[in-house]
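1. coords please:
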Amino acid sequence: EREEMQTDTIREQLKMLRLPIASESFESVLSSRKVKSDFTWLSDLLELELTARKENAIERRIKKATFPERRSLEQFNWSFNRKIDRQKIEELSTCEFVERNEIALLLGSPGTGKTHCAIAIGMRAAQLGHSIFCASVKRLSSRIRVARERNTLDQLFRQILTSKLWILDDWGVVTMPRDVSEEIFDLFDRRKSNSAMILTSNRDVEEWPQVFSDPILANAAIDRMFENAKIVLFEGPSYRMKGRILMPDVDSEKNED
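-> Residues are numbered from 1 along each chain as shown. As a prediction, this is how the structure comes out:
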């Protein structure tokens, strides 16, 4: 029975390594050679190969995503800003919303951890086998403009549209010219049934129409963003400013009251 389990495991491992002939022929080769032995060493060897391939694939996805830095939720200082809804972020980190091609909006003040959480969720998605496109909206606008000039817009769009998760950071920092905003609207329109998206912004939602030069385009794009979106608000102190500004002493304020 143990030998049978071993051969089943090895056959499955060979299949996972995309060696179908070896997988199908393994038992018959053993039988013809009348080999009876402990093949744990072979299973262990194949498992090493499978693990290495998996890790290499994750690394390729992370590099292709061009994250500005590598971040994880384990590194996040939850105690610094207790107003952040940790449960919602951890729910997003399961990447079930990615499977469903949904949108997550991380909204709030600068320096409160939106980008860190977005990248951490993206890293988790890469580990789960998803392809990611990550860029600030300013950088994406620049890449679209350059691609138009070089006539490589189709290539850029293919890269974005074939990614399972888009991470667009700092929405609303720059107002996009009409030609660029039309291309981004087209991307949003084509994303809906194929990809998920995380969008971060520190601009008030009421100011979002200013990002598009065309108000009709702006309203249509915003409607698409908020349709069934998962929204996480980031309030409270700025982690970036920690140590640079003097935070009020809560106890002394209570005493003064």
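
2. and residue 73, what does it touch?
-> With contact taken as Cβ atoms under 8 Å, 6 or more residues apart in numbering, residue 73 is in contact with 89, 90, 93, 117, 120, 121, 124. Placement of C-beta: from N, CA and C, glycine included.

3. buried ones only from those residues, please, as a ChimeraX command.
-> Under the burial definition 16 or more other Cβ atoms under 10 Å, those of the contacts of residue 73 that qualify are selected in ChimeraX by:
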select :89,93,117,120,121,124
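
4. out of the contacts of residue 73, the closest to residue 195 would be?
-> Ranked by distance to residue 195 (Cβ to Cβ), the contacts of residue 73 are led by residue 121 at 14.2 Å.

5. tell me the buried residues in the helix or strand hosting the closest one?
-> Mapping residue 121 onto the secondary structure by DSSP states H and E places it in helix 114-127. Within helix 114-127, the residues scored as buried using 16+ other Cβ under 10 Å are 114-126.

6. per-residue confidence averaged over it?
-> Over the span of helix 114-127, the pLDDT mean works out to 96.

7. CA atoms only for stretch 10-27, dumped as PDB, please.
-> These are the backbone C-alpha positions of stretch 10-27, laid out as PDB (Å, rounded to 0.1, in the frame of the first residue of the first chain):
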ATOM      1  CA  ILE A  10       5.500  10.500  -8.100                       C
ATOM      2  CA  ARG A  11       3.100  10.100 -11.000                       C
ATOM      3  CA  GLU A  12       1.200  13.300  -9.900                       C
ATOM      4  CA  GLN A  13       4.500  15.200  -9.400                       C
ATOM      5  CA  LEU A  14       5.700  14.200 -12.900                       C
ATOM      6  CA  LYS A  15       2.400  15.500 -14.300                       C
ATOM      7  CA  MET A  16       2.800  18.800 -12.400                       C
ATOM      8  CA  LEU A  17       6.300  19.100 -13.900                       C
ATOM      9  CA  ARG A  18       4.600  18.700 -17.300                       C
ATOM     10  CA  LEU A  19       6.200  15.300 -18.000                       C
ATOM     11  CA  PRO A  20       3.000  13.500 -19.100                       C
ATOM     12  CA  ILE A  21       4.700  10.600 -20.800                       C
ATOM     13  CA  ALA A  22       6.900   9.900 -17.800                       C
ATOM     14  CA  SER A  23       3.800  10.200 -15.500                       C
ATOM     15  CA  GLU A  24       1.800   7.700 -17.600                       C
ATOM     16  CA  SER A  25       4.800   5.300 -18.100                       C
ATOM     17  CA  PHE A  26       6.200   5.300 -14.600                       C
ATOM     18  CA  GLU A  27       4.300   2.300 -13.200                       C
END
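
8. and the contacts of it?
-> Contacts of stretch 10-27 from elsewhere in the structure, counted by Cβ under 8 Å, 6+ apart, are 7, 39, 42, 43, 46, 47, 49, 50, 53.
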